[in-house]
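[1] here's a sequence, model it:
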Amino acid sequence: MIAFSLMFMNRNFTVSGFTQASVIRYIVDEDGWEIGIFNVAPGPANVIARICSFTVADGSNAGAFWWIGDINPQVPSQNFVYPQTFLSDNIPMSATVFYDNTTTTGIFNFTDEYLIASNDATDRLRVIWPNQCVHITYCPSVDRIFQTGVPGYYSGCWVSLAADPESYYGDTSFISVGSDDGERAWGVVEYRSTIWLMRERSGLTLTANANNPNEWTARQRWSEKGPCGPRAFDACGKFMIFVHRSGIYKYEDTEPDLMTKEVPYWWKTINWNAATTICCKIDEETHTVHLLVPVGNSKVPNQKIVLNYLEGWNNPIHFSTYSGKEISMDACRKYSIDDMAAFVCTRIERTIPNQPSFPNGTIGIPFTDSGFYTSQFLHGSSAADGTVQAITPGVFNDNGAGIDWQYETVCPQQSMALSKIEGFTLNARGNGQIYAYFLAGRDMVTGQSESGPIRSKVLRVARPIDLTVDQNQGISRMVPSKVNERWRMHFDNGKQADNWASLKWLAIYSIPMYGARDQSEAGG
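    Below you'll find the model as predicted:
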């Protein structure tokens, strides 16, 4: 008696489809007969070979199983020929492999001794195919694939075999963390050669080693906060970052630090019922973090917030105990908020042909970065068109439409109290016209409407400012005002295509106002 089972090999040379339930037994009571197999089932799409594995005589359904053949994973283009035979002691031994996905009949001849000296397939009894999941990632330090969000296994993750990304042991490849404790595991990320499991309200490290994954241990590093979805976190060599409904958090080596203290009103406009659509991606080339979020009633991301950390991660406002005032910080993070409908974003390495020539080392048209032709930051649209588009340096329109460019300052210390504004001077460069306003009012933002933020403000409008790319003169405007407080400046481009500006320096001129003494208090 011998046992037989059929396995499938795909284009990645992964063998699967072998379970104890598929084992068939043959009873042969005489030596010297060949083995015939008929009506062999074809495999799924992309199967390049089907492997017939056998036990030795008097073997059991539990194996061990072997197969005979010569398939070299290092030569993917190998031209397989059937039938394939090998000579041992002048006896022809048949390969037990169909090198296609169509042959249904085979005649095999081999000895038990030659069979057990060939390819051992016993461990494939334990292998299952990859599961459906909400997040999948590859961790190079352990050469394994991690899956999270597998139906029925929401609190932990599945881990593939090392160097075999499509195979999982059904009994030892799952890492159970807080089994069914109501906290979903969103994904795995590798940070400083450590494997991190990111859950809804916590972050854990996994002690990855050569043992089976179910023997690894999970250590909780923080609690009460975590990513809000399977794409709401990312990591680079210097830090990890994730989005929680309470804010954006950056982690280096101790506890996650809150990074959204300066945008509390805007943060409340995010639709947290669609939090699982939020995407977070670090772009190390531009030193920025890109967040795609659904705002208002949108159920898909319709705005992007960009966090620039080129100058550092400090808060933009610092209270100085020396001066007793709040002062602005130069080395700080900066935010910009854009109208952009995109589900995902990432930087890719891709060479664009027909790169324009830049003579004498110049960069040609203003702000065209030659690095764009080898690496681009792409967005996958969440609009109905489903297009993939790149942020292109030197292009200041959205497929021909205007981009709503706005910049607003904080209130300088002198304008926090009652004062009159006289005007401003500006160092800037750009194209077309920009428009400058003075705003005043105690409330920066008082609410949110479909058309944008609702503000409490007083407007004083300056004449439009004409800019050029090579601006060589300073800009000044007189804007006499009435007495008010909390004055700040606002600039925009009127949402006109190709109107853009780069603001370098700004000075506001104000006259402080003081209350006069009542005449009745004057001396006699």
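[2] doesn't residue 377 lie inside a strand?
    Yes. Under the criterion used here (DSSP: H, G, I helix; E, B strand; the rest coil), residue 377 sits inside a strand.
[3] list the beta-bridge partners for it.
    As for beta bridges, residue 377 partners with residue 347 under DSSP bridges.
[4] now do it, the pLDDT please.
    Taken from the predicted model, the pLDDT recorded for residue 377 is 93.
[5] residue 317 now?
    The predicted local confidence for residue 317 comes out at a pLDDT of 76.
[6] is it in contact with residue 325, as I believe?
    No. Taking contacts as Cβ atoms under 8 Å, residue 317 lies outside contact range of residue 325: 10.4 Å. C-beta coordinates here come from the backbone N, C-alpha and C atoms, glycine included.
[7] by residue count, what's the longest strand in this structure?
    Once the chain is assigned using DSSP state E, the strand that runs over the most residues is strand 419-440.
[8] contacting residues for the nearest residue to residue 116 once chain neighbours are set aside?
    Nearest-residue entry for residue 116: residue 66, 5.6 Å, with adjacent residues in sequence omitted and distances by Cβ to Cβ, 6 or more residues apart in numbering. When contacts are counted by Cβ atoms under 8 Å, 6 or more residues apart in numbering, residue 66 touches 53-56, 115-116, 118-121.
[9] 10 Å instead, please
    Taking Cβ atoms under 10 Å, 6 or more residues apart in numbering as the criterion, residue 66 is in contact with 53-56, 59, 96, 110, 112, 114-122.
[10] cool, residue 507 as well?
    With contacts defined as Cβ under 10 Å, 6+ apart, residue 507 is in contact with 412, 423-427, 474, 476.
[11] same thing but at 7 Å, please
    With contacts defined as Cβ atoms under 7 Å, 6 or more residues apart in numbering, the neighbours of residue 507 are 424-425.
[12] any regions of the stretch 251-400 of the chain where pLDDT drops low?
    For the stretch 251-400 of the chain, residues meeting the criterion pLDDT under 70 lie at 356-368.
[13] helices of that one, start to end?
    For the stretch 251-400 of the chain, the helices defined by DSSP state H, counting those that start in this stretch occupy 264-267.
[14] ok so, going back, quick one: buried residues of the longest strand of the chain?
    Under the neighbour-count criterion of 16 or more other Cβ atoms under 10 Å, strand 419-440 has 419-421, 423-424, 426, 428-432, 434-440 buried.
[15] ok, now stretch 402-413?
    In stretch 402-413, residues buried by neighbour count (16+ other Cβ under 10 Å) are 403, 405, 409-412.
[16] quick revisit: please work out the average pLDDT along the longest strand of the chain.
    Strand 419-440 comes out at a mean pLDDT of 91.
[17] how distant is it from the center of its chain?
    Per Cα atoms, centre = their mean, to the nearest Å, the displacement of strand 419-440 from the mean C-alpha position of its chain is 38 Å.
[18] mind giving me the packing neighbours of that strand?
    With contacts taken as 3 or more Cβ pairs under 7 Å, 6 or more residues apart in numbering; DSSP states H and E, strand 419-440 sits against strand 458-461, strand 465-467, strand 475-478, strand 488-492, strand 500-512.
[19] who's in contact with residue 435?
    When contacts are counted by Cβ under 7 Å, 6+ apart, residue 435 touches 464, 491-492, 494.
[20] is it true that residue 341 touches residue 382?
    Yes. Contact criterion Cβ atoms under 7 Å: residue 341 and residue 382 qualify, at 4.6 Å.
[21] looking at these two, which is more packed in?
    Relative neighbour count places residue 382 above the other of residue 341 and residue 382, with 21 against 18, counting by other Cβ atoms under 10 Å.
[22] any idea how far residue 352 is from the more buried one?
    Separation of residue 382 from residue 352 (Cβ to Cβ, to the nearest Å) stands at 24 Å.
[23] which residues sit against stretch 461-475?
    Contacts of stretch 461-475 from elsewhere in the structure, counted by Cβ under 7 Å, 6+ apart, are 366, 425-437, 477, 479, 501.
[24] joint contacts of residue 341 and residue 382?
    residue 301.
[25] helices of the stretch 1-150 of the chain, start to end?
    112-116.
[26] now do the contacts for residue 352.
    Contacts of residue 352 were listed using Cβ under 7 Å, 6+ apart, and they are residue 373.
[27] residues contacting the spatially most central residue of the chain?
    Among the residues of the chain, the smallest C-alpha distance to the mean C-alpha position (Cα atoms, centre = their mean) belongs to residue 281, namely 4.4 Å. Contact partners of residue 281, counting by Cβ under 7 Å, 6+ apart, are 234, 290, 345-346.
[28] how is this structure carved up into domains?
    Taking automatic domain parsing as the reference, the chain has its domains at 2-126, 406-512.
[29] compare those and give me the one nearest residue 243.
    When the domains of the chain are ranked by distance to residue 243, counting by Cβ to Cβ, first place goes to domain 406-512 at 18.8 Å.
[30] just how off-centre is the closest one within its chain?
    Taking Cα atoms, centre = their mean, one finds domain 406-512 lying 35 Å from the centre of the chain it belongs to.
[31] could you report the separation of residue 305 from residue 167?
    Distance from residue 305 to residue 167, by Cβ to Cβ: 40 Å.
[32] now do residue 160
    Taking Cβ to Cβ as the criterion, residue 160 is separated from residue 167 by 6 Å.
[33] neighbour count winner among those two?
    Using other Cβ under 10 Å, the more surrounded residue of residue 160 and residue 167 is residue 160, with 24 against 21.
[34] skipping adjacent residues, who's closest to the more buried one in space?
    Nearest-residue entry for residue 160: residue 145, 4.1 Å, with adjacent residues in sequence omitted and distances by Cβ to Cβ, 6+ apart.
[35] and residue 426, by the same measure?
    When the adjacent residues along the chain are set aside, residue 426 lies closest to residue 475, with 4.3 Å between them (Cβ to Cβ, 6+ apart).
[36] so residue 346 sits against residue 376, correct?
    No. Distance between residue 346 and residue 376: 9.8 Å, which falls outside the contact criterion (Cβ under 7 Å).
[37] those two: who's more crowded?
    For residue 346 versus residue 376, neighbours defined as other Cβ under 10 Å are more numerous around residue 376 (18 against 15).
[38] tell me the contacts of the more buried one?
    Residues in contact with residue 376 (Cβ under 7 Å, 6+ apart) are 348, 350, 390.
[39] for residue 33, grab the count of nearby residues.
    Neighbourhood size, residue 33 [other Cβ under 10 Å]: 9.
[40] could you tell me which ranges of the stretch 1-150 of the chain sit under the pLDDT cut-off?
    Applying pLDDT under 70 to the predicted model, the residue ranges of the stretch 1-150 of the chain that meet it are 1, 17-31, 71-83.
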